[in-house]
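Novice: Predicted structure and sequence below. I'll ask about it afterward.
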Amino acid sequence: MTDPDPNPNAPIRTITIVGGGTAGWMTAALLSRLFLGAYTIRLIESEEIGTIGVGEATIPAIRTFNGLAGIDEYEMVRATQATFKLGIEFRNWREPGHSYIHGFGKIGQDLYWLHCHQFWLKEAARGRAKHLDHYALNTLAARMNRFAMPDPSNPYSPMADLDYAYHFDASLYARYLRGRAEAAGVERIEGRIVAAKARASDGFLDHVVLADGRTVDGDLFIDCSGMRALLIGEAMGVGYEDWSQWLLCDRALAVPSVRGGGLLTPYTRSTAHGAGWQWRIPLQHRTGNGHVYASGFTSDDEAATTLLAHLDTPALGDPRAVRFRPGKRIRAWEKNVVALGLAGGFLEPLESTSIHLIQTGLLRLIALFPGRGFHAVDREEYNRQTDFEYRDVRDFIIAHYKVTNRQDTPFWQYLKHMDVPDSLAERIALFRSSARFFMHGKAELFREESWVQVLLGQGLVARHDPMVDMIPDAQASDFLKDVEEVIAEVAAAMPTHEAFIARHCRAPALPAGL
């Protein structure tokens, strides 16, 4: 980096991305698309260093990123062996044998100003309602293994509110984005970074040094080096805020298995075990599996045995271990270094937020993109928004562990009785009072429907809003019955997930070994 420009608002010239993988190539693909050659963009990665690549499930906002990056949806699905995702099934979380789905999209419809779940609570208490999954199109369609594109042209149909995301092979997604980024002019530099040198005058990062002695400079450095955090942590010395007192899981084992011969489910599955949980992610060419667990409550060997014993199909290799520390960097933007992805923090993939946090961090950077002055007020705002977002997602994940009937192992006993952040405790107390939910800010990721499905699905006992009692019982009962019948009729008319993929975006077979 050269000395400061006399005009602090003059554009920077060079963006250097450190690290590839999903975070690095998402950054390169989007910046090269939006900035249209206005900047020199370089990405440094080493074939010697692998990527974690376990985050194969996404949430609906990924479609916003793909749209901004100019990605054709069906082309991406084919290139990444993807399937569609309507939500996440949680098995054994409330108690062994219980299941519910956290689905995307709307729950039923409103009656006057009152939300559908309020009527469900009143009728369920009287034994006159089915499982909550029957009152949202996303959840019922998922149960029936059906999928179709939403239809916003008919606002009176549940199809208008259908929402979806993807399951994809993260390594294939990164490869796909790399091809697009390089075609747009991004320079890929192969090399392993051995040092990062700051400018003596103000501590801004000046250049990085590769193992072969080459140096690569930059005006803005984006740290996508994963948990190593080569720039934000090692070079800039930014500390890490540890959240392991609430999020006990600190290790994961990942293993692919043969694609099942049964139905191709349009949802992720999360199955709770004695000291953690197991994911199942269906792809076109294989199934992704993993066990996230707390090393203080089970051994690595026991965790591997649990994982392999609960696979639907034979494993395609040995489980691969990942160690992590839940939490976040105290600052995601320091001087001229911005951390994205795992370099900025890690929250376990329970609600498929890892890729989303890359996306929002990148969009936040674009909104606050610096000139050569790198104004402190811009960095402070970026860090404030990042801090809010991480804490918001953290609370939602903690709620899955705190709100439960399970006490059958020391792990679950601790979680059920642990103290939680005040922000979460207040939200649970308000919901328990009358099943009401209020957003704390526009930046919140999980909206009312998500909290409703998770808190009720996990077994929180909540009273319905007293305003529901203003509606005559017969009218309220008929309303809920109508919602159930319409949802069932619409879901039954949708094609199967398998049939939809076969018609629109079946991926070609991969070469052996991929």
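Specialist: Yep, it's here.
Novice: residue ranges with poor pLDDT in the stretch 251-400 of the chain?
Specialist: Along the stretch 251-400 of the chain, segments meeting pLDDT under 70 span 261-262.
Novice: Just give the closest residue to His291, not the sequence neighbours.
Specialist: With Cβ to Cβ, 6 or more residues apart in numbering as the criterion, His291 has its nearest non-adjacent residue at 3.9 Å, and that residue is Leu307. Glycine gets a C-beta too; all of them are placed from N, C-alpha and C.
Novice: who's in contact with that neighbour?
Specialist: By Cβ atoms under 8 Å, 6 or more residues apart in numbering, the residues touching Leu307 are 253, 255, 278, 289-291, 319.
Novice: do the same with Gly344
Specialist: Gly344 makes contact with 223, 232, 328-329, 332, 357, 361, 386, according to Cβ under 8 Å, 6+ apart.
Novice: for those, which one is nearest Ala272?
Specialist: Lowest distance from Ala272 to the contacts of Gly344 (Cβ to Cβ) belongs to Leu357, with 23.3 Å.
Novice: That closest one in helix, strand or coil?
Specialist: helix (DSSP: H, G, I helix; E, B strand; the rest coil).
Novice: Tell me, please, where in the chain the pLDDT is lower than the cut-off.
Specialist: Applying pLDDT under 70 to the chain flags the ranges 1-6, 49-55, 261-262, 510-514.
Novice: change it to 50
Specialist: Applying pLDDT under 50 to the chain flags residues 1-2, 53, 55.
Novice: Using CSV, lay out the contacts of Leu307 together with secondary structure.
Specialist: Shown next, in CSV, are the contacts of Leu307 (three-state DSSP):
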residue, secondary structure
Leu253, strand
Val255, strand
Gln278, strand
Asn289, strand
Gly290, strand
His291, strand
Pro319, coil
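Novice: For these, which entry has the maximal number of neighbours?
Specialist: The most crowded member of the contacts of Leu307, judged by other Cβ atoms under 10 Å, is His291 (27 neighbours).
Novice: Dump the contacts of Gly344 into JSON lines; add distance to Asp151, secondary structure and neighbour count as well.
Specialist: Below are the contacts of Gly344 laid out as JSON lines (distance: Cβ to Cβ, whole Å; DSSP: H, G, I helix; E, B strand; the rest coil; neighbours: other Cβ atoms under 10 Å):
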{"residue": "Asp223", "distance to Asp151": "42", "secondary structure": "strand", "neighbour count": "35"}
{"residue": "Ile232", "distance to Asp151": "44", "secondary structure": "helix", "neighbour count": "29"}
{"residue": "Lys328", "distance to Asp151": "39", "secondary structure": "strand", "neighbour count": "23"}
{"residue": "Arg329", "distance to Asp151": "42", "secondary structure": "strand", "neighbour count": "24"}
{"residue": "Ala332", "distance to Asp151": "39", "secondary structure": "coil", "neighbour count": "28"}
{"residue": "Leu357", "distance to Asp151": "30", "secondary structure": "helix", "neighbour count": "25"}
{"residue": "Gly361", "distance to Asp151": "32", "secondary structure": "helix", "neighbour count": "28"}
{"residue": "Thr386", "distance to Asp151": "36", "secondary structure": "helix", "neighbour count": "25"}
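Novice: What are the contacting residues of stretch 329-339?
Specialist: Residues contacting stretch 329-339 (Cβ under 8 Å, 6+ apart): 1, 202-205, 218-223, 229, 231-233, 235-236, 238-241, 340, 343-345, 361, 365, 370, 374, 379, 382-383, 386.
Novice: Helices - which of these land there?
Specialist: The helices, defined by DSSP state H, take in 361, 365, 379, 382-383, 386 from these.
Novice: Spatially, which two of those are the most separated?
Specialist: Maximum distance among the ones in helices among the contacts of stretch 329-339 (Cβ to Cβ): 13.2 Å, for Gly361 and Arg379.
Novice: ok, Ala315 to Cys249 distance?
Specialist: Distance, Ala315 to Cys249, using Cβ to Cβ, to the nearest Å: 21 Å.
Novice: I misspoke; the intended subject was Gly20.
Specialist: The gap separating Gly20 from Cys249 is 26 Å, by Cβ to Cβ.
Novice: all helices of the protein, in order?
Specialist: Going by DSSP H, the chain shows helices at 21-35, 62-68, 73-79, 116-125, 137-143, 170-183, 300-309, 354-367, 376-402, 410-417, 422-434, 448-457, 473-493, 497-504.
Novice: Out of those helices, indicate the one that is most buried.
Specialist: helix 137-143 (a mean of 27; mean count of other Cβ atoms under 10 Å).
Novice: From the contact counts, what lies against that helix?
Specialist: Helix 137-143 sits against strand 87-91, strand 99-103, helix 473-493, with contacts defined as 3 or more Cβ pairs under 8 Å, 6 or more residues apart in numbering; DSSP states H and E.
Novice: Let's have the ones you listed in CSV, adding distance to Ser434.
Specialist: Shown next, in CSV, are those (distance: least, Cβ to Cβ, whole Å):
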stretch, distance to Ser434
strand 87-91, 24
strand 99-103, 21
helix 473-493, 16
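Novice: Identify the residue nearest the residue nearest the centre of the chain in space, chain neighbours excluded?
Specialist: The centroid of the chain falls nearest to Thr353 when counting by Cα atoms, centre = their mean (1.7 Å). Nearest-residue entry for Thr353: Val393, 5.3 Å, with adjacent residues in sequence omitted and distances by Cβ to Cβ, 6+ apart.
Novice: Surely that neighbour touches Leu347?
Specialist: Yes. In terms of Cβ atoms under 8 Å, Val393 counts as a neighbour of Leu347; the distance is 5.7 Å.
Novice: Spit out the residues that contact those two alike.
Specialist: Contacts common to Val393 and Leu347, judged by Cβ under 8 Å, 6+ apart, are 353, 357.
Novice: My read is that Arg286 contacts Gly317, right?
Specialist: No. Assessed by Cβ under 8 Å, Arg286 is found out of contact with Gly317, at 10.5 Å.
Novice: Going by how many neighbours each has, rank the two and give me the top one.
Specialist: Arg286 (19 against 9).
Novice: Next, work out how far apart the residue nearest to Ala304 when sequence neighbours are not counted and Lys85 are.
Specialist: The shortest distance from Ala304 to any non-neighbouring residue, by Cβ to Cβ, 6+ apart, is to Pro319 (5.2 Å). Look at Pro319 and Lys85: by Cβ to Cβ, they are 23 Å apart.
Novice: I appreciate the help and will end here.
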